[in-house]
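**Q** Sequence plus the predicted model coming up.
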Amino acid sequence: MTASAPVPAPPSSAVPASEVPLSGRRPRWPLRVLLGGVGLLPALIAVAQLGRIHPDEVYQLLEPAWFRAHGYGVLAWEWHAGLRNWAMPGLAAWLLRLADVLGLTHPVAYRTLIAVPQVALHGWMLWATYRYAERRAGRSGGLFALFAVGLYGPVLVFAGRTLGESLSTAFLVVALEALDRTERPVRAGLVGGLALGLAVVARYGSAVVVLAALVWLAAAWRWRVLAFACLGGLLVALGLGALDWATWGKPFHSFFAYVDFNVLSGQAARQFGASPPGFYLWPFLSGLPLWLWAVLPVGLSSLRRRLALPLPLFCAGAYLFAITTTAHKEERFLYPALVLLTLAAAPALAALVLGRESARSRWGWGAVALATTLLAGHFFPPVDPRGDQFRAIVKATRGEGARGLLIVNEGLWGAGGFFYVGKNIPWSTCDWPHDANFQAAMRDRRFNRAVTFEGRALAELQAAGFQVVGQVGRETVLARD
């Protein structure tokens, strides 16, 4: 099979006016409202729930940003070894400084402010999804694909989170839609290249998708788009090199350190564990939208007929191969592949649903498809976000009375850091009453607030003078004054 460019839309005289592509035009206001509404959902979920689906959500963006903005915080080992760049935490740090200027001192308030650019990025991703499907299934198909991807369970879970996978995947969708266009090759290449570069800045593991996209363009003989994509990517790379030079003292220090740790030296597998290739089978199958199996025969028939692979499908396949053959594996690494596969299949779903003869059948099939697209979020990612713990931490540390906090039944990297404590007070974590941190906190009168998960060490805390002052889900909030 070879790579393929999108098939140009038929002349407007052959297509209903409502189905004429919007390529090259800004979305009309009803579509903008729709993009804003669907695009806002992941951020609303993340801010209302708080919690984390992985410690990196806090300790690779929020906590470094807090450290940069306030001069104190918990820095994970990567920020001492130089395996990360300061682009995203730096932007978040400026937003935290803006929050201070605006008087936004509550953790939920400044977390909401940080979510604003994420909402804009997610809206851009959904606009790209609409345009990608519109070229293949018309306006109605584009709108249906927007819902199919925008309401996809893993997207609702991930897209509002401050994870590298979340940010990078949005840039990847924007990039691949741009590179898929046949009109305005210079603009398409530049936008696609810039977005690919930003996807790598957000997460170095996305470099695999960048290489796959460039191979696809070369195989499709789209040399002009390829050249300007490389130019756009080069501009981002120069900015990254300058940033690393300013922060780490050497151009591209974080990128080379990342590649050495995760790819060349094998340290990632030794430090965090290695898994067999079958590790991803169940999370991959459970994370796919169920409707994908319904459109699979149509997609396979199209591939056999055209002997071509759509760009998102080609990139998803290359990325899946890369993470499967890499020793260290985590479920969250699947997220970019799941989204790209959903993007590639969404136009076929739209055609299948909108091709029903009766309106009743179309509405019925559409409702079932969107229900199954939501359902995938129940299975992926398979983690407990512990949002009640983060909300309990916020509740325990509000007001001037909180001088120190103990979090029971949680390790350091599962807690919310100074970002959610919101002030420069001592805090620590422990698992059991006999732990050294627990014993030290009981003796230190500065520790006058405690949060315990599922009531662990509740009796010991009360014996040390703590009293229950609140309950947040499975978390108990205690205080002693």
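**A** Ah, there it is.

**Q** Flag the shaky bits of the chain, pLDDT-wise.
**A** Along the chain, segments meeting pLDDT under 70 span 1-27, 298-307.

**Q** Let me know the helix or strand that the residue nearest to the spatial centre of it is in.
**A** Nearest to the geometric centre of the chain sits S166, at 1.1 Å (CA atoms, centre = their mean). For S166, the host element (DSSP states H and E) is helix 164-180.

**Q** Just checking, which helix or strand succeeds that helix along the chain?
**A** Counting by DSSP H and E, what follows helix 164-180 is helix 185-202.

**Q** V201 contacts L235, doesn't it?
**A** No: using CB atoms under 8 Å as the test, V201 is too far from L235 to be in contact (11.6 Å). Backbone N, C-alpha and C define where each C-beta goes, glycine included.

**Q** which one of those two has more residues nearby?
**A** Shown here are V201 and L235; by other CB atoms under 10 Å, V201 has more neighbours (23 against 14).

**Q** how near is the more buried one to L34?
**A** As for V201, its distance to L34 is 29 Å (criterion: CB to CB, to the nearest Å).

**Q** G465 now?
**A** For G465, the distance to L34 equals 55 Å [CB to CB].

**Q** So which of the two has more stuff around it?
**A** Taking neighbours as other CB under 10 Å, G465 and L34 compare with L34 leading, 19 against 13.

**Q** does that one really touch G142, like I thought?
**A** No: here L34 does not reach G142: they are 10.8 Å apart, not a contact under CB under 8 Å.

**Q** Contacts only, for L461.
**A** Counting by CB atoms under 8 Å, 6 or more residues apart in numbering, L461 touches 408, 450, 452, 478.

**Q** swap the cut-off to 7 Å and go again
**A** 450, 452, 478 (CB atoms under 7 Å, 6 or more residues apart in numbering).

**Q** which SSE is it in?
**A** helix 458-463.

**Q** can you pull the buried residues of that helix?
**A** Buried residues in helix 458-463, counted by 16 or more other CB atoms under 10 Å: 458, 460-461.

**Q** can you check stretch 360-367 too?
**A** 362, 365-366.

**Q** Which ones among the residues you listed map onto helices?
**A** 362, 365-366 (DSSP state H).

**Q** Going by distance to W413, which of the residues you listed wins?
**A** Closest to W413 out of these is G366 (42.0 Å), distances taken as CB to CB.

**Q** Settle this for me: the closest one is touching L352, isn't it.
**A** No: applying CB atoms under 7 Å as the test, G366 and L352 come out as separate, 9.9 Å apart.

**Q** quick one: stretch 157-170 to chain centroid distance?
**A** Chain-centre distance of stretch 157-170: 1 Å, with CA atoms, centre = their mean, to the nearest Å.

**Q** Give me the residues contacting it.
**A** So stretch 157-170 is contacted by 42-43, 45-46, 53-54, 56-57, 60-62, 88, 115, 118, 121-122, 125, 199, 202-203, 206, 332, 335-336, 339, 377, 381 (CB under 7 Å, 6+ apart).

**Q** now stretch 473-481
**A** 388-389, 392, 395-396, 401, 448-455, 458, 461, 465-470.

**Q** Can you show me the CA trace of that stretch as PDB?
**A** Extracted C-alpha coordinates of stretch 473-481, given in PDB (Å, rounded to 0.1, in the frame of the first residue of the first chain):
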ATOM      1  CA  GLY A 473     -15.700  11.300  49.100                       C
ATOM      2  CA  ARG A 474     -13.400   8.600  50.400                       C
ATOM      3  CA  GLU A 475     -11.200  11.200  52.100                       C
ATOM      4  CA  THR A 476     -11.500  12.400  55.700                       C
ATOM      5  CA  VAL A 477     -10.300  15.800  56.600                       C
ATOM      6  CA  LEU A 478      -8.900  16.400  60.200                       C
ATOM      7  CA  ALA A 479      -7.600  19.400  62.100                       C
ATOM      8  CA  ARG A 480      -5.900  20.100  65.400                       C
ATOM      9  CA  ASP A 481      -5.500  23.600  66.800                       C
END
